[in-house]
Each structure stands twice: as structure tokens, then as C-alpha cells.
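# give me coordinates for this.
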Amino acid sequence: MIRKRLVHLSVLLCGLVLLAACSSKPDCDQLFAQAEKYYQDRKLVEALEAFKTHVQNCPESEQASRCAFMIGFIYANDLQDTLKAREAYQEFLSKYPTADEGLRASAEWELQHLGSDISEVDFLQDSESE
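Numbering: from 1, shown residues only. Coordinates of the predicted model:
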């Protein structure tokens, strides 16, 4: 009788552990939407953490490459942390070689111009002199 109760208790406990593990995994679409919302609301630290969480928990999702790009973008353009921006952009380029070509081109351009004064960027000077 006691043995039977222990077996039932063990099965119940295993089920609860599995349920907790499954329910604790975040929904990738919700994570992405929350990260975008934080960024739109200019909650930059929260946005950065949400984008990082998405990349960590949903690396194969459709939005993962955009999230990885946005980490570099926030560091470069909002927080002016060129060291972390460089690391994030390089990680984006190596981790997502088949990402949207526009995002890849933007990351490569950003890497070439990190820390530059906007007035020093060549194509901007050319268009201003015309």
C-alpha cells in the first residue's frame, strides 16, 4: 500500500516537474513583441535585455537574427558603447550568416563607422557638397 502511494506520488511529482519546465519556457513571439515594445517606449535597458533573452531562448526563431542585430544597434546608436556594439555586431554576423541582407549590410556599415562623428562619414560629406 505504501509502495503504491510512493509510486503515485513519484509519478505526480515527475509530471509537475515536466509541467513546470514546459511552462517556464518563454513564448518566442511574446518575447519579441515585448522587446520591440520596450524599444518603441525608449526603455533601452529593458529592450536590450529582452532582445538578449530572445536570442538566448529562441536562437532558431524567425526573429532571432533581428534581435541579435538590435542588440548591436542599441549599444551603438542609443548607448554609445562601441566596444559592446562591435562585439554584438560581430556575433550577429557570425551567428546568422543567412540573415536578411539589409540587416547584414547595416551591421557591416555600422562596424566600419563605429565611433565616427556623423560628419566624418564619407557618403554624407559627398551628398552635402552636391
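
# give me the below-cutoff pLDDT ranges for this structure.
Along the chain, the model assigns pLDDT under 70 to residues 1-26, 120-130.

# could you redo the last one with a cut-off of 80?
1-26, 117-130 (pLDDT under 80).

# can you give me the helices in it?
All helices of the chain, identified by DSSP state H, fall at 2-24, 28-40, 44-57, 64-73, 82-95, 101-113, 122-129.

# for residue 98, see how far away residue 74 is.
23 Å (C-beta to C-beta, to the nearest Å). Placement of C-beta: from N, CA and C, glycine included.

# my bad, should have said residue 109
Between residue 109 and residue 98 the distance is 19 Å, computed by C-beta to C-beta.

# so between these two, which is more surrounded?
residue 109 (13 against 7; other C-beta atoms under 10 Å).

# do you know how far that one is from residue 65?
Taking C-beta to C-beta, one finds residue 109 at 16 Å from residue 65.

# understood, closing this out.
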